[in-house]
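# Would you be able to build a 3D model of this:
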Amino acid sequence: MKPRFSIIIVTWNALDHLRHFLPSVAATSYPDFEIVIADNASTDESSEWIRENIPGIKIATLDQNYGYCGGNNRAVKYADGDILIFLNNDVRVEPDWLHPLARTFNDKSIGVAQPKMLSATEPDKFEYAGAAGGMIDKLGYPFCKGRIFDVVEKDTGQYDEPDEIFWASGAAFAVRKDLFLELGGFDEDFEFHMEEIDFCWRAHKMGNRVMSQPESVVYHLGGGSLPMGSPRKVYYNYRNSLIMLTKNLDSFMVPKILFRLILDGLAGIRSLFLGRPAETWAIIRAHFAYYARLGKTLKKRKHQLYSEYHPTPQHLVYQKLIVVQALLFGKKTYPELDK
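As a prediction, this is how the structure comes out:
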């Protein structure tokens with residue numbers, strides 16, 4: 001039996017994006033899906049435009065801007081699908097994109113999946129946020145098949161086989177609804193960035209697999225909420241990465257986090273020497289914010305309850321340091337990495 005999909009799109013004053021990207025989502029050829037717009041108290045008449053131009057879409061009108069995590073979490077109660085897809089408002093989709101995902105979720109061991117994510121402006125290249133699926137190294141630094149740091153590969157079919165990944169991008173994140181509810185949704189303390197990696201890590205610990213499905217193709221513009229290189233983006237990335245590690249590392253947590261703090265400090269010094277003091281200050285603020293939240297984060301770690309506990313799947317964790325491989329040894333693409 002084919003699953004029903006609920007496509008949830010969070011928006012806040014993004015009428016231009018909706019005009020450009022939402023029609024492609026509405027034109028999806030799969031027979032059983034719905035679209036739910038989570039309107040984070042927009043003032044640009046987004047909801048009115050949707051009602052007039054694409055009728056039949058559910059609109060969850062929220063009382064304030066809850067961000068990505070909060071907006072999506074609150075919109076789920078409006079969704080009646082078996083599979084939720086959290087889709088950014090700057091994503092264009094192929095008409096048949098849901099059919100391969102439906103086949104993916106026929107495997108009951110798969111809890112989360114991601115389409116192939118290409119650039120909306122350079123469609124022969126992968127897109128930064130998700131590319132062909134997310135991975136992490138042993139210190140929690142994220143990267144993608146198809147994108148390591150700022151180096152994005154061309155799509156030549158090199159990742160065209162479905163494969164296990166560590167995390168799926170929040171720009172096009174497909175998850176079983178019952179799993180999403182059991183895990184309590186996205187952790188709203190993250191606000192922006194890393195919440196999808198945290199969720200996938202928790203899903204792994206319940207024995208779920210996370211898969212890439214390259215037969216499903218989407219095109220992501222990116223940089224809509226927080227532009228690349230923005231100090232605010234740097235702040236959230238560094239802060240949330242430390243929170244994620246503290247919540248989810250199985251063992252050797254203290255030495256790994258201490259080493260990570262040292263590497264972060266070196267990154268801050270590097271930014272200073274490169275003439276980017278705002279980045280350095282963002283890293284410093286991220287560390288202080290992490291310390292301020294440490295007690296709360298440790299409580300979450302202690303009280304995370306799983307109906308069935310599984311250790312982190314180490315075959316999906318890169319056992320070397322991606323920073324060393326990329327910056328010192330010049331290995332800029334996933335196939336070049338020493339496995």
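# how near is residue 84 to residue 187?
With distances defined as CB to CB, to the nearest Å, the gap from residue 84 to residue 187 amounts to 16 Å. In this view, the C-beta of every residue, glycine as well, is placed from N, C-alpha and C.
# between those two, who's got more neighbours?
Of the pair residue 84 and residue 187, residue 84 is the one with more neighbours under other CB atoms under 10 Å, namely 25 against 21.
# Wait, a strand at the more buried one?
Yes - residue assignment for residue 84, taken from DSSP: H, G, I helix; E, B strand; the rest coil, places it within a strand.
# That one contacts residue 181, correct?
No - in terms of CB atoms under 8 Å, residue 84 does not count as a neighbour of residue 181; the distance is 9.5 Å.
# so what sits against both of the two?
Overlap between the contact sets of residue 84 and residue 181, as judged by CB atoms under 8 Å, 6 or more residues apart in numbering, is given by residue 76.
# Any idea how many residues pack against residue 302?
For residue 302, which is what you asked about, the neighbour count (other CB under 10 Å) is 8.
# Need the three-state assignment for it.
Going by three-state DSSP: residue 302 is helix.
# Might you list the low-confidence residue ranges for the stretch 101-250 of the chain?
Of all residues in the stretch 101-250 of the chain, those with pLDDT under 70 make up the ranges 223-229.
# what are the ranges of the strands in it?
Counting by DSSP state E, counting those that start in this stretch, the segments of the stretch 101-250 of the chain that form strands are 110-119, 134-137, 142-144, 147-148, 151-152, 163-164, 172-176, 209-220.
# Need those strands in JSON lines (columns: distance to residue 309 and mean neighbour count).
Compiled in JSON lines, the strands of the stretch 101-250 of the chain are given as follows (distance: least, CB to CB, whole Å; neighbours: other CB atoms under 10 Å):
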{"stretch": "strand 110-119", "distance to residue 309": "15", "mean neighbour count": "27"}
{"stretch": "strand 134-137", "distance to residue 309": "20", "mean neighbour count": "22"}
{"stretch": "strand 142-144", "distance to residue 309": "23", "mean neighbour count": "23"}
{"stretch": "strand 147-148", "distance to residue 309": "31", "mean neighbour count": "23"}
{"stretch": "strand 151-152", "distance to residue 309": "36", "mean neighbour count": "16"}
{"stretch": "strand 163-164", "distance to residue 309": "19", "mean neighbour count": "14"}
{"stretch": "strand 172-176", "distance to residue 309": "19", "mean neighbour count": "26"}
{"stretch": "strand 209-220", "distance to residue 309": "16", "mean neighbour count": "23"}
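# so who does residue 36 touch?
Per CB under 8 Å, 6+ apart, neighbours of residue 36: 6-9, 57-60, 75, 78-79.
# ok, now with 7 Å
The contact partners of residue 36, taken as CB atoms under 7 Å, 6 or more residues apart in numbering, are 6-8, 58, 60, 75, 78-79.
# Which ones among those residues map onto helices?
With helices defined by DSSP state H, the entries of those inside them are residue 75.
# Out of the contacts of residue 36, which two are the most distant from each other?
Pairwise distances across these peak at 12.7 Å for 7 and 60 (criterion: CB to CB).
# of those two, who's got more company?
Neighbour totals were compared for residue 7 and residue 60, and residue 7 leads with 26 against 19 (other CB under 10 Å).
# mind checking how far the more buried one is from residue 298?
Spatial separation of residue 7 from residue 298 under the definition CB to CB is 36 Å.
# And residue 253, by the same measure?
Using CB to CB, one obtains 10 Å as the distance from residue 253 to residue 298.
# Could you name the helices and strands sitting against the helix or strand containing residue 262?
Following DSSP states H and E, one finds residue 262 within helix 253-273. Using 3 or more CB pairs under 7 Å, 6 or more residues apart in numbering; DSSP states H and E, the elements in contact with helix 253-273 are helix 231-248, helix 277-292.
# Please indicate which of those has the most neighbours on average?
helix 231-248 (a mean of 21; mean count of other CB atoms under 10 Å).
# contacting residues around that one?
When contacts are taken as CB under 7 Å, 6+ apart, the neighbours of helix 231-248 outside the stretch itself are 140, 189-194, 197-198, 201-202, 226, 253, 256-257, 260, 264, 278-279, 282-283, 285-286, 289-290, 293, 297-298, 300-301.
# rerun at 6 Å
With contact meaning CB atoms under 6 Å, 6 or more residues apart in numbering, helix 231-248 is reached by 140, 190, 192-194, 197-198, 201, 226, 257, 264, 278-279, 282-283, 285-286, 289-290, 297, 300-301.
# and what of stretch 181-193?
Counting by CB under 6 Å, 6+ apart, the neighbours of stretch 181-193 from elsewhere in the structure are 67-70, 73, 195, 198-199, 202, 236-237, 240.
# May I ask which two of these are separated the most?
For the contacts of stretch 181-193, and using CB to CB, no pair is farther apart than 73 and 237, which are 21.0 Å apart.
# And the strands of the stretch 101-250 of the chain: which comes nearest residue 324?
Ranking these by their distance to residue 324 (criterion: CB to CB) puts strand 134-137 first, at 9.2 Å.
# Tell me the one of the contacts of residue 36 nearest residue 110?
So of the contacts of residue 36, ranked by how close each gets to residue 110 (CB to CB), first place is residue 6, at 17.4 Å.
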